[in-house]
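Visitor: Predicted structure and sequence below. I'll ask about it afterward.
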Amino acid sequence: MNVKVDTTMKSNSIEGEVRLEGSATEQGFRMPAEWEEQTCVWLVHPHNHETWPGCLDEAKREWEAWRAKLSKVVEVREAGECGIPTNDSWIRDFGPIFVSHPTRGIAGHSFRFNGWGDKYEPRVLDDAVPSAISRRCHMPMWHHDFVLEGGSIDVNGTGTVLTTSQCLESQNRNPHAAQERIESTLRNALGVTNIVWIPGGIKGDDTDGHIDDIARFVSRDTIVALRAPVGHPDHEVLEENWEVLQAARDERGERFQIVALPVPNPIEYEYPADRFGPGGRNMIPASHANFLLSNGTAFVPIFNSGSDDKALEILAKLLPGWNIEGVMARNLVVGLGSLHCLSCHQPK
């Protein structure tokens with residue numbers, strides 16, 4: 001796939017890459033909403049035994065079943081098949097963040113990836129994926145000396161980005177960046193004018209509260225957000241998030257419609273000692289909010305839980321005319337993420 005490079009954009013060529021300069025927003029680029037048309041979805045096959053201890057084969061089977069469904073609605077590009085090696089499979093977080101321009105086409109942002117705040121060994125291969133995609137697809141790209149993961153942001157396509165303070169303001173990402181610099185980076189890169197900050201994420205999530213596990217846009221003015229009953233381990237933080245969202249405003253100054261999405265009953269997994277300190281059973285971040293929207297189909301993670309049918313029903317009402325596809329992810333989520341984390345959609 002070739003992407004036309006507009007010669008009016010400031011750029012330079014380094015090792016076969018076209019590296020863009022200046023503000024993407026000032027040059028007319030924006031990050032499209034996920035429900036807008038997509039050219040392809042980038043995936044990485046589960047392959048890291050440490051990520052799925054004791055259940056890698058089961059996780060692969062769930063992933064392959066999902067990939068077969070996904071390939072019916074959008075072109076699937078596997079990084080490995082394209083000659084792009086990775087340390088792990090969470091391409092949402094280390095892949096490019098794509099932006100579009102009405103006449104100049106698609107470009108990307110390459111942010112630094114430091115393994116979700118240096119929680120794991122250096123992920124050198126993962127960090128190099130945006131550059132590899134840039135070279136393979138002849139795609140112009142901005143490069144930033146700033147840590148930002150794709151799963152930590154969600155946009156409505158018209159000027160608002162949703163994120164969490166727990167993640168973006170974490171000292172293990174950009175320790176010297178005040179909120180003002182973080183907001184400036186988002187505005188310059190994503191074509192947004194409005195930033196909605198909510199407190200934090202769910203237990204078991206090693207990303208420090210990625211937004212794609214807790215609250216997602218399903219239309220310009222509608223957000224689905226997890227709510228948990230009293231007594232659930234995530235009840236308190238999700239109620240804090242809910243209160244902030246109820247008061248939030250969009251880029252026009254209007255309130256959002258906030259719709260509750262149920263949570264599964266807590267799911268635990270027996271991890272080895274080298275993964276979580278002394279080991280033992282730990283809660284995993286099973287969330288129906290970790291869905292992928294792609295070309296008229298919503299792929300929603302389900303977990304053989306009592307909340308599955310309700311979550312699918314809610315999304316079906318909010319996405320009329322869409323195909324709502326439940327995808328079993330009970331083993332995939334042992335790796336501490338699911339469908340949205342495992343995918344990186346490229347807009348048309």
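Guide: Noted; the coordinates are in hand. Numbering: from 1, shown residues only.

Visitor: Strands of the stretch 201-348 of the chain, start to end?
Guide: For the stretch 201-348 of the chain, the strands defined by DSSP state E, counting those that start in this stretch occupy 215-219, 222-226, 257-261, 268-271, 280-283, 292-294, 297-302, 323-328, 343-347.

Visitor: Could you list the paired strands of the shortest one along with their orientation?
Guide: Using DSSP bridges, the neighbouring strands of strand 292-294 in the sheet come out as strand 297-302 (antiparallel).

Visitor: And for the partner strand, what's in contact with it?
Guide: With contact meaning C-beta atoms under 8 Å, 6 or more residues apart in numbering, strand 297-302 is reached by 66, 69-70, 73, 286-288, 290-293, 308, 311-312, 315, 319, 322-329, 332-333, 338-339. Where C-beta positions appear, they are placed from N, C-alpha and C, glycine not excepted.

Visitor: Distance from the chain centre to it, please.
Guide: Taking C-alpha atoms, centre = their mean, to the nearest Å, one finds the center of strand 297-302 at 14 Å from the center of the full chain.

Visitor: quick one, that strand and strand 215-219 angle?
Guide: Going by axes from the mean of the first three to the mean of the last three C-alpha atoms, to 10 degrees, strand 297-302 is angled at 150 degrees with respect to strand 215-219.

Visitor: could I get strand 297-302 in PDB with only the CA atoms?
Guide: C-alpha atoms of strand 297-302 as PDB (Å, rounded to 0.1, in the frame of the first residue of the first chain):
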ATOM      1  CA  THR A 297     -19.300  -4.900  13.200                       C
ATOM      2  CA  ALA A 298     -18.600  -4.600  16.900                       C
ATOM      3  CA  PHE A 299     -16.400  -7.400  18.200                       C
ATOM      4  CA  VAL A 300     -17.100  -7.600  21.900                       C
ATOM      5  CA  PRO A 301     -15.100  -9.700  24.300                       C
ATOM      6  CA  ILE A 302     -17.200 -12.200  26.300                       C
END
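
Visitor: Now that strand: average pLDDT?
Guide: The predicted model assigns strand 297-302 a mean pLDDT of 98.

Visitor: The most centrally placed residue in the chain - nearest residue in space that isn't next to it in sequence?
Guide: Taking C-alpha atoms, centre = their mean, the centroid of the chain lies closest to residue 151, which sits 2.6 Å from it. Leaving aside its chain neighbours, residue 151 sits nearest to residue 210 (4.1 Å; criterion: C-beta to C-beta, 6 or more residues apart in numbering).

Visitor: and that neighbour, how many neighbours?
Guide: Using other C-beta atoms under 10 Å, residue 210 has 32 neighbouring residues.
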